[in-house]
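Q: below is the structure, and that's it, no one-letter string:
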């Protein structure tokens, strides 16, 4: 099956069997290793990506669902100007996720900030259930994202002047 999509800001075209998963495509065909196979059932969060700005378990997405879609991995988000806001939010609150979930937490923070300009704790609660890792408590993550939103707002304001 031939499918075109955007991966990390670049148009891509691939011809694979329709049952190939986004997880396998990202790792095997594009050599992006931040996306990890975990449970392969969509529960653990190890294979999380942004799909059209929303968190998605790449192990559950077959090739035929990718046509015209936009996929972003943590490699891409780390290169965006907004990553610095997330990084500063994490540093300011002392939020230090483990190596297993650091990329997932960055993607989660980015997804939240794309949805809400000033996220509140209740806005973010559903996002933290997408990852099995319990290395950090939810409250420091919420605070880190709230600080990141402040940094993003300031940076956006400074860019306009």
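A: In hand now; what should we look at? Since this is a predicted model, take the numbers as computed values, not measurements. Numbering: from 1, shown residues only.
Q: how about the helix ranked longest in the chain: buried residues?
A: If you go by DSSP state H, the chain has its longest helix at helix 138-160. When neighbours are counted by 16 or more other Cβ atoms under 10 Å, the buried residues of helix 138-160 are found to be 141-149, 151-152. Glycine gets a C-beta too; all of them are placed from N, C-alpha and C.
Q: and that helix, how far from the chain's centre?
A: Chain-centre distance of helix 138-160: 17 Å, with Cα atoms, centre = their mean, to the nearest Å.
Q: and the contacts of that helix?
A: Outside helix 138-160, the residues within contact range by Cβ atoms under 8 Å, 6 or more residues apart in numbering are 81-82, 84-86, 88-90, 92-95, 97, 105, 108-109, 112-113, 116-119, 121, 124-125, 128.
Q: what about the protein, any weak spots by pLDDT?
A: For the chain, the stretches with pLDDT under 70 are 157-161.
Q: SS state for residue 12?
A: Here residue 12 takes the strand state, with states given by DSSP: H, G, I helix; E, B strand; the rest coil.
Q: need the contact list for it.
A: 4-6, 30.
Q: which SSE is the residue most central in space within the chain in?
A: When Cα atoms, centre = their mean is applied to the chain, the residue found nearest the centroid is residue 107 (2.5 Å). Taking DSSP states H and E as the definition, residue 107 sits inside helix 102-115.
Q: tell me the angle that helix makes with helix 138-160.
A: Using axes from the mean of the first three to the mean of the last three Cα atoms, to 10 degrees, one finds that helix 102-115 and helix 138-160 are set 60 degrees apart in direction.
Q: distance check, the residue nearest to the centre of the chain against residue 84.
A: Per Cβ to Cβ, to the nearest Å, residue 107 is found 16 Å from residue 84.
Q: one more: residue 41?
A: 34 Å.
Q: these two: which has the busier surroundings?
A: Between residue 41 and residue 84, counted using other Cβ atoms under 10 Å, the more crowded position is residue 84 (14 against 9).
Q: OK, contacts around that one?
A: Contact analysis of residue 84 by Cβ under 8 Å, 6+ apart lists 151, 155.
Q: could you do the one 4 residues further on as well?
A: Taking Cβ under 8 Å, 6+ apart as the contact definition, residue 88 lies against 147-148, 151.
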